[in-house]
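Q: Below are the sequence and a predicted model for it; my questions follow.
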Amino acid sequence: MKHLTMALLTAITLATMPAAAKDRTVTLRIIQTSDVHGYFFPYDFINRKPLRGSLARVSTYVNDLRKTYGDNLILLDNGDILQGQPTCYYTNYVKTDLPNVAAEVINYMGYDAETFGNHDVETGHAVYDKWIKEVKCPMLGANIIETSTGKPYVPPYTILERSGVRIAILGMLTPAIPSWLNEELWSGLRFDDMVKSAKYWMQHLRENEHPDVVIGLFHSGWDGGIVTDEYVEDASQLVAREVPGFDLILYGHDHTQHKEVVRNNEGGDVLCLDPSCNALQVCDATIKVTIGKRKKVTRKEVTGTIVSVADLPIDQQFVEHFQPTIDSVKAYVDRKIGEFENTIYTRDCYFGNAAFTDFIHDLQLQITGADISFNAPLSFDISIKAGPVYISDMFNLYRFENLLYVVRMTGEEVRKHLEMSYDLWVNTMKSPDDHIMLLSDEDRDDKQRFMFKNLAFNFDSAAGIDYEVDVTKPDGEKVRILRMSNGEPFDETKWYNVAMNSYRGNGGGELLTKGAGIPREELKNRIIYQSERDQRHYLTQEIEKAGRMNPQAHHNWRFVPEEWTLPAIERDRKLLFPKK
C-alpha cells in the first residue's frame with residue numbers, strides 16, 4: 001500500500017509539473033509606405049480624375065492581413081506625407097484650424113510608427129509641430145537634433161512588444177535639409193550624419209533595450225544622391241553595410257522601387273526594401289522569430305518583397321470616413337482663377353525654350369524685379385491645357401512649396417551656374433548621330449530621373465539674358481552669354497539680381513556652390529529678397545490679376561550647332577516621349 005501511495009504521488013507530481021519548454025515561432029508581418037505625398041484618397045485632385053495609387057487601397061491590403069496577423073501586423077510610414085496632392089496643402093496652409101489630414105489618415109489606419117521626410121520639414125515648424133502633436137503613433141528621427149539641448153527633437157526609436165518579441169524601430173532622415181530649405185523652416189535643429197547616428201543608437205539599443213528585432217526606418221535613398229563634405233544625401237546602403245544589428249531596413253526618399261540583401265561588415269545579412277512613391281506599392285516583409293529556452297531568440301528568418309496595391313479594391317469605409325474632407329478639397333481645387341490661350345508642356349523644357357518654363361521665368365521677374373531668372377522643370381511630363389485654369393492646375397505649374405528668392409550674383413557666377421546645369425543636362429556630342437540629352441545607360445524607373453542620367457529639377461535655364469549652349473564643347477565651356485535680353489551688354493564682373501526658388505537659393509543641386517563657386521556659408525548673405533508665402537501662392541495671384549494669359553517661349557537661348565542639335569533633339573524627343 002505504501003509503495004502504491006508513493007507511485008500515485010509521483011504520478012500526480014509529474015502530471016502537475018510544467019512540460020519541458022518547447023521552441024516557439026512568432027511570425028511578424030511588417031508593411032511600409034513611403035513618399036505617399038498626399039495620395040490618401042483614390043482621386044487625383046490635381047488632374048481631377050480617379051487615382052490608382054492611394055492609401056485607400058493600402059488600407060484594403062492592411063485590413064486583410066490584420067485578419068490573419070492581428071497585432072503582429074506592424075504598419076510603418078517613412079515620411080514625405082505632408083506635401084504633394086492639394087489635400088495636404090489644404091490643411092497645411094488654407095484651413096489651418098482643421099486637424100492635419102495626414103495625421104488623421106495615419107491615426108485612422110493605425111500606423112505603429114512614422115519618420116520625418118524632407119518635404120515634411122519643408123512645411124515649416126507651424127505645420128509639422130502641429131502634425132507631430134496630432135499623430136498618435138511615435139514620430140521618429142534619431143538624427144534630428146534640437147540644438148538647444150543636443151537631444152533628438154522627436155523620439156529616436158520606439159519599442160514594440162508583439163507576442164513576447166521585442167522590436168526596436170529606429171528612424172532617421174537624410175541630413176541634406178540645410179542645403180535645400182530656408183533655415184527658418186528648421187530653426188533650432190540640426191541633422192546629423194546617418195551612419196554616426198545609427199552606430200550610436202544601435203549601441204544604445206543593445207545596452208539598454210535588448211531588442212529581439214531591429215528595424216531601420218530611413219527617409220534616405222539607396223545611393224546616387226548628392227555627396228558633399230557636410231553630408232551624404234542617400235545613406236541607407238551605407239548604414240546597412242557599416243552598422244551591424246539591423247534585421248530589416250525600410251527606406252525611401254529616392255522614389256525608386258528597390259530590393260536588396262546587404263552583407264554588413266560583420267558578415268550578417270540585412271534585407272533592404274524601398275516601395276517607391278505615391279502609395280502605388282508597399283514594402284511587405286515577414287520576420288519569423290524562433291524563441292527557445294529561457295526566452296532566448298535562437299533563429300530569425302527575414303523575407304520580403306514589394307507589392308503593388310494599385311489594382312486592389314478601394315476601402316469604402318476609409319473613403320466614407322474622409323468624405324467631408326474629400327468634398328472640401330474638391331471645392332477648393334475646382335475654383336477657376338483665369339484662362340490660358342494655349343497649352344503648355346513640361347516636356348518642351350528639355351529641348352530648348354519652352355512656354356512652360358518661360359511663363360514661370362516671366363512671373364519670377366515680374367514679381368521680384370530681378371535682372372535674371374533661373375528655373376527648371378519640376379515635373380517630367382505634364383501640361384496645362386488651353387482654356388480655364390483652376391487651382392488644381394497650379395499644382396502642375398509649380399509642384400513644390402518653395403519660396404521665391406532673389407540672390408546677388410556676378411556675371412561670371414551666373415555663367416558658371418548655367419555651365420553646371422547644362423553639363424548635368426546635355427551630352428557632349430562628338431558626331432551628328434550622338435544623343436543631345438545626357439541619358440542614363442541604365443533603365444532607371446525612379447520617378448525622378450526617368451531616362452536622364454541626372455535629376456531634371458536641376459536643369460536650370462535662364463531668362464533676362466540671351467545665350468547659346470554649344471553641345472560640342474567640353475563640360476564647363478558650353479555656355480556663351482551674348483547679351484542681356486534688354487539689349488544691354490552682359491558683364492561677367494558686374495553684380496546682378498537673380499530670381500530663383502528657395503531650394504536653389506539654399507544650395508540645392510549644388511549649382512550655386514559647386515557650379516557658381518559661391519561658398520555655402522556665404523549663400524545666406526547673398527539673399528536680398530525672400531517671399532513670405534510659397535511660390536505657387538504668388539503665381540496664382542498673378543494669373544488671377546491678369547485673368548487671361550498667353551504663355552509663349554522667349555527664344556532667348558538655343559542649342560548649337562543647329563545642324564547637329566535640331567535633328568538630335570527630334571531623335572531624343574521621340575526616345576523620351578515616344579507617344580507624344
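A: Happy to help now that I have it.

Q: Could you measure from Lys514 over to Thr228?
A: Shown here: Lys514 relative to Thr228, a distance of 8 Å by CB to CB, to the nearest Å. (Glycine included, C-beta is placed from N, CA and C.)

Q: what's across from the closest residue in space to Asp572 that isn't next to it in sequence in the sheet?
A: Among residues not flanking Asp572 along the chain, Met437 sits closest, at 4.6 Å (CB to CB, 6 or more residues apart in numbering). Applying DSSP bridges to Met437 yields these beta-bridge partners: Val426.

Q: Pretty sure Met437 sits against Met429.
A: No - counting by CB atoms under 8 Å, Met437 stays clear of Met429, with 10.4 Å between them.

Q: For these two, work out which one has more neighbours and name it.
A: The residue with more neighbours, out of Met437 and Met429, is Met437; 22 against 19, by other CB atoms under 10 Å.

Q: ok, now how distant is that one from Gly224?
A: Distance from Met437 to Gly224, by CB to CB: 18 Å.

Q: try Gly188
A: Gly188 is 31 Å from Gly224, by CB to CB.

Q: Between these two, which has more neighbouring residues?
A: Ranked by neighbour count (other CB under 10 Å), Gly188 and Gly224 place Gly224 first, with 18 against 12.

Q: how about the strands in the stretch 101-250 of the chain?
A: Remark: strands assigned in the stretch 101-250 of the chain by DSSP state E, counting those that start in this stretch are 113-115, 139-140, 144-146, 151-152, 157-162, 165-173, 189-191, 213-219, 248-251.

Q: okay, the closest residue to Gln281 other than its chain neighbours: pLDDT?
A: If the residues on either side of it in the chain are set aside, Gln281 comes closest to Pro275, at 4.4 Å by CB to CB, 6+ apart. Pro275 is assigned a predicted lDDT (pLDDT) of 97.

Q: What ranges in the protein fall below the confidence cut-off?
A: 1-21, 442-449, 580 (pLDDT under 70).

Q: Geometric centre of it: which residue is closest?
A: The geometric centre of the chain, computed from its C-alpha atoms, lies nearest to His253 (CA atoms, centre = their mean), at 4.2 Å.

Q: That one: what's it in contact with?
A: 34-35, 78-80, 117-118, 174, 218-221, 234 (CB atoms under 8 Å, 6 or more residues apart in numbering).

Q: what's the neighbour count on Lys288?
A: 13.

Q: what residues are up against it?
A: 25-28, 299-302.

Q: Over to it: give its phi and psi.
A: The phi/psi pair for Lys288 (degrees, to the nearest 10) reads phi -100, psi 120.

Q: how much space between it and Phe351?
A: Distance of Lys288 to Phe351, computed by CB to CB: 53 Å.

Q: sorry, back to before: so what's the residue nearest to Asp572 up against?
A: Neighbours of Met437 in contact, by CB under 8 Å, 6+ apart: 350, 425-427, 451-452, 572, 576.

Q: one more time with 7 Å, if that's ok
A: Residues near Met437 by CB atoms under 7 Å, 6 or more residues apart in numbering: 350, 426-427, 452, 572.

Q: of the residues you listed, closest to Val239?
A: Phe452 (27.1 Å; CB to CB).

Q: hang on, isn't the closest one packed against His435?
A: No - in this structure Phe452 lies outside contact range of His435 using CB atoms under 7 Å: 10.7 Å.

Q: Looking at those two, which one has more neighbours?
A: Higher neighbour count among Phe452 and His435: Phe452, with 20 against 15, using other CB under 10 Å.

Q: List phi and psi for the more buried one.
A: phi -70, psi 150.

Q: Out of the contacts of Lys288, the closest to Ser383 would be?
A: Val302 (44.1 Å).

Q: Surely the closest one is within a strand?
A: Yes - counting by DSSP: H, G, I helix; E, B strand; the rest coil, Val302 is part of a strand.

Q: State the distance from Val498 to Ile528.
A: 10 Å.

Q: Among the two, which residue is more densely surrounded?
A: Between Val498 and Ile528, counting by other CB under 10 Å, Val498 is the more crowded of the two (28 against 13).

Q: Please name the residues that touch that one.
A: Contacts of Val498 by CB under 7 Å, 6+ apart are 370-372, 374, 406-407, 409, 414.

Q: let's go with 6 Å and repeat that
A: Neighbour list for Val498: 370, 372, 407, 409 [criterion: CB atoms under 6 Å, 6 or more residues apart in numbering].

Q: Tell me the bridge partners for the third one.
A: Under the criterion DSSP bridges, Val407 forms beta bridges with Val498, Ile527.

Q: burial measure for it, as a count.
A: 26.

Q: right, and the residue nearest to Gln281 touches Asp284 too?
A: No - counting by CB atoms under 6 Å, Pro275 stays clear of Asp284, with 8.8 Å between them.

Q: Show me which of these two is the more surrounded one.
A: Counted by other CB under 10 Å, Pro275 and Asp284 do not tie: Pro275 has more neighbours, with 31 against 19.

Q: picking that back up, using JSON lines, lay out the contacts of Val498 together with secondary structure and distance to Thr325.
A: Converted to JSON lines, the contacts of Val498 look like this (DSSP: H, G, I helix; E, B strand; the rest coil; distance: CB to CB, whole Å):
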{"residue": "Ala370", "secondary structure": "coil", "distance to Thr325": "39"}
{"residue": "Ile372", "secondary structure": "strand", "distance to Thr325": "42"}
{"residue": "Val407", "secondary structure": "strand", "distance to Thr325": "38"}
{"residue": "Met409", "secondary structure": "strand", "distance to Thr325": "44"}
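
Q: Nearest to Lys199 among these?
A: The closest of these, once distances to Lys199 are taken by CB to CB, is Val407, at 37.5 Å.

Q: what about the nearest residue to Pro244 once chain neighbours are set aside, how many neighbours?
A: Spatially, and ignoring its direct neighbours in sequence, Pro244 is nearest to Glu266 (4.2 Å; CB to CB, 6+ apart). Residues contacting Glu266 under the criterion other CB under 10 Å number 8.

Q: ok, now which ones touch Gly515?
A: Contact analysis of Gly515 by CB under 6 Å, 6+ apart lists 416-417, 420.

Q: Go through those residues and single out the one with the most neighbours.
A: Top of the contacts of Gly515 by neighbour count (other CB under 10 Å): His417, with 28 neighbours.

Q: buried residues in the helix or strand it falls within?
A: According to DSSP states H and E, His417 maps onto helix 411-425. Across helix 411-425, burial judged by 16 or more other CB atoms under 10 Å covers 411, 413-425.

Q: same deal with stretch 307-321?
A: In stretch 307-321, counting by 16+ other CB under 10 Å, buried: 308-309, 312, 314-315, 318-319.

Q: Contacts made by that stretch with the rest, please.
A: Contacts of stretch 307-321 with the rest of the structure, by CB under 6 Å, 6+ apart, involve 42, 52-53, 56-61, 280-282, 284.
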